[in-house]
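S.K.: here you go, sequence then predicted model.
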Amino acid sequence: RLILTRHGETKENIKKIIQGSRMGGKLTHLGIEQAKKLAQRLKDEKFDHIYSSDLSRAADTAKIIAKHHPDIPLDFVSELREMDMGSKTGTVGNKDDNKDLFDLAPDAESFWSMQLRVKKLIDLAYSKYPNGSVLFVGHGQINKAVLSVIENKPASAIQGYKVMSNTAISILEIKEDKMHVAHLLNCTKHLD
């Protein structure tokens, strides 16, 4: 079982700054509160491992969650880093975060590259915990790549997915036969 979530709101999210993999990002007060509510929602989950992007906005969110799971391994990994946005990193995007409408820079990371990164981590987690439960703390674009791998979609399908809301939860069942199942997608009821 894979539980997938996104980091809390950042100062850069508010300003519509494209962060990508080159900016750590700083959680806002609201982002910290979102992470605390997420942690409260997940406190009774039995995780075998928590994997988080090593970028600060996701790592800070994961650390808040991990306070309720002090005996569970927490690893900060590059496989869950956000998409490298190339020369658009640090610029103000024309995107609405919920619609995810923006043009990629010619030097941005490819969707195919993102899929390869997350597939490697999914395969690792599955090989270590085939009957277990893991948590991935990621970002808007990389989480879409995770979903595309789970649903056996081509990399070109990633752009068609909706970006998960900050600290939203998706619960996915990973199966050896690759007939994976999504039980919950983009749920934010803990923020109500």
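M.R.: Perfect, I can see it now. Because the structure is predicted, anything quoted here is derived from the model rather than measured.
S.K.: I figured His7 hits Val137, correct?
M.R.: Yes - judged on CB atoms under 8 Å, His7 makes contact with Val137 at a distance of 6.5 Å. The way it works is simple: take the backbone N, C-alpha and C, and place the C-beta from them, glycine included.
S.K.: name the residues contacting each of the two.
M.R.: 53, 58, 61 (CB atoms under 8 Å, 6 or more residues apart in numbering).
S.K.: doesn't His7 make contact with the last one?
M.R.: Yes - applying CB under 8 Å, one finds Thr61 in contact with His7, separated by 4.3 Å.
S.K.: so what sits against both of those two?
M.R.: Between them, Thr61 and His7 share these contacting residues under CB under 8 Å, 6+ apart: 27, 31, 35, 137, 167.
S.K.: please name the nearest non-neighbouring residue to Thr28.
M.R.: Distances taken as CB to CB, 6 or more residues apart in numbering place Glu9 nearest to Thr28, at 5.1 Å, with adjacent residues excluded.
S.K.: go on, Arg81?
M.R.: Spatial nearest neighbour of Arg81, chain neighbours left out: Ser21 (4.4 Å); criterion: CB to CB, 6+ apart.
S.K.: quick one: residues contacting that neighbour.
M.R.: Counting by CB under 8 Å, 6+ apart, Ser21 has contacts 55, 81-85, 89, 109.
S.K.: could you export those residues as a markdown table, including secondary structure, neighbour count and pLDDT?
M.R.: Below are those laid out as a markdown table (DSSP: H, G, I helix; E, B strand; the rest coil; neighbours: other CB atoms under 10 Å; pLDDT from 0 to 100):
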| residue | secondary structure | neighbour count | pLDDT |
| --- | --- | --- | --- |
| Leu55 | coil | 24 | 97 |
| Arg81 | coil | 22 | 97 |
| Glu82 | coil | 27 | 97 |
| Met83 | coil | 24 | 96 |
| Asp84 | coil | 18 | 95 |
| Met85 | coil | 23 | 93 |
| Thr89 | coil | 18 | 92 |
| Glu109 | coil | 20 | 96 |
